[in-house]
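**Student:** Whatever this is, show me its structure:
(chains A, B, C and D)
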There are 2 protein chains.
Amino acid sequence: MPGTPSTVDALVQLSFTVQLTLTRIAAENDLSVTQLRLLGILRDRTPSMAAIAEHLDLDRSSVSGLIDRAERRGLVERVRSETDARVILVRATPEGLAVAESVGTDVGTRLERMLASARPTDLAAIVRLADALPQFPV
Amino acid sequence: MPGTPSTVDALVQLSFTVQLTLTRIAAENDLSVTQLRLLGILRDRTPSMAAIAEHLDLDRSSVSGLIDRAERRGLVERVRSETDARVILVRATPEGLAVAESVGTDVGTRLERMLASARPTDLAAIVRLADALPQFPV
DNA sequence: TATTGTTATACTCTATAACTATA
DNA sequence: TATAGTTATAGAGTATAACAATA
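**Tutor:** Here you go, the predicted model:
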């Protein structure tokens, strides 16, 4: 009984539990989940506005506002591309990086604690599933 | 290697994939994810405003607005409780129920399709995990 | 012409604080 | 006093449409 209702229900429930954890950690740091995701991206990249939009599956106009607010808070900065004058690159500030590190550690700690009682073989299944599934749904 | 980074990463990624699916299905039906969840709750219940707030982990004032908008669109209706004059119960209209059914089927279909290539034993693990984990995180 | 990013606008979602009505 | 719900307000997030600058 592979793709049964109970499987789908479990997946949705699991997803909301994770999202609620992320929402709370974000709120504790005065951030939204979207800002959290943004900082996660900027930990190891300096992407263009367009690349961020694609990554977050948002319209470019939404990203403009997102970066405006993050910039106003000193978390990121806009940098002109030197090879294409149309392009704006977004880079985390030192403070932004510090917040990203701290929040990332927090997420790890909280979710690991949540998983503490689970069977190791079930956790291995999660990793296999995430690898097998398309990151962007059809 | 139970609660390792890779496990946490997989869980977060899985969660965002599911959320993206839900967001898209909601958008196709001109709904938000929150309205989707609301309709899901009202499929088999007629809860009070306070009960909805608890279920969705929202402030009561947020639920007031949520129900305002759903009511304006003819999806739900407010009903006075007959046992406590302070309480307002929320009931899905026939149209709201129809939308809830349709969307519910859609979610099932899309997620099952997404899971089609997964191993049955991994899906069983998902169900066990969802059962074992606290629905409301610590 | 096509692409990148912004702005104007409008809406949903959310919380805090102050309020009314009922228990 | 305590609880249920609403309103006013403020801000974040999001999309669509129209725009300017650059390729």
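
**Student:** mind listing what the closest residue to A:Asp9 other than its chain neighbours touches?
**Tutor:** Spatial nearest neighbour of A:Asp9, excluding adjacent residues (Cβ to Cβ, 6 or more residues apart in numbering or on different chains): B:Ala130 at 7.6 Å. From N, CA and C alone the C-beta is placed, and that goes for glycine too. By Cβ atoms under 8 Å, 6 or more residues apart in numbering or on different chains, B:Ala130 lies in contact with A:Asp9, A:Ala10, A:Leu11, A:Gln13, A:Leu14, A:Thr17.

**Student:** is the host helix or strand of the first one up against DNA strand C anywhere?
**Tutor:** Just to be clear, that refers to A:Asp9. Counting by DSSP states H and E, the element that carries A:Asp9 is helix A:5-28. No. Using Cβ under 7 Å from any atom of the strand, helix A:5-28 never reaches DNA strand C; the gap is at least 7.6 Å.

**Student:** How about whichever helix or strand comes after that helix and DNA strand C, touching?
**Tutor:** Per DSSP H and E, helix A:5-28 leads on to helix A:33-42 as the next helix or strand towards the C-terminus. No. Using Cβ under 7 Å from any atom of the strand, helix A:33-42 stays clear of DNA strand C, coming no nearer than 10.1 Å.

**Student:** mean confidence score for the helix or strand following helix A:33-42?
**Tutor:** Per DSSP H and E, the first helix or strand lying C-terminal to helix A:33-42 is helix A:49-56. Averaged across helix A:49-56, the pLDDT comes to 98.

**Student:** same question, stretch A:85-101
**Tutor:** Stretch A:85-101 comes out at a mean pLDDT of 98.

**Student:** Span of that stretch from start to end?
**Tutor:** 31 Å (Cα to Cα, to the nearest Å).

**Student:** Repeat that for stretch A:55-66.
**Tutor:** 13 Å.

**Student:** Buried ones in that stretch, by neighbour count?
**Tutor:** Residues of stretch A:55-66 classed as buried by neighbour count (16 or more other Cβ atoms under 10 Å in any protein chain shown): A:Leu56, A:Val63, A:Leu66.

**Student:** which residues touch that stretch?
**Tutor:** A:Thr34, A:Gln35, A:Arg37, A:Leu38, A:Ile41, A:Pro47, A:Met49, A:Ala50, A:Ile52, A:Ala53, A:Phe136, B:Leu20.
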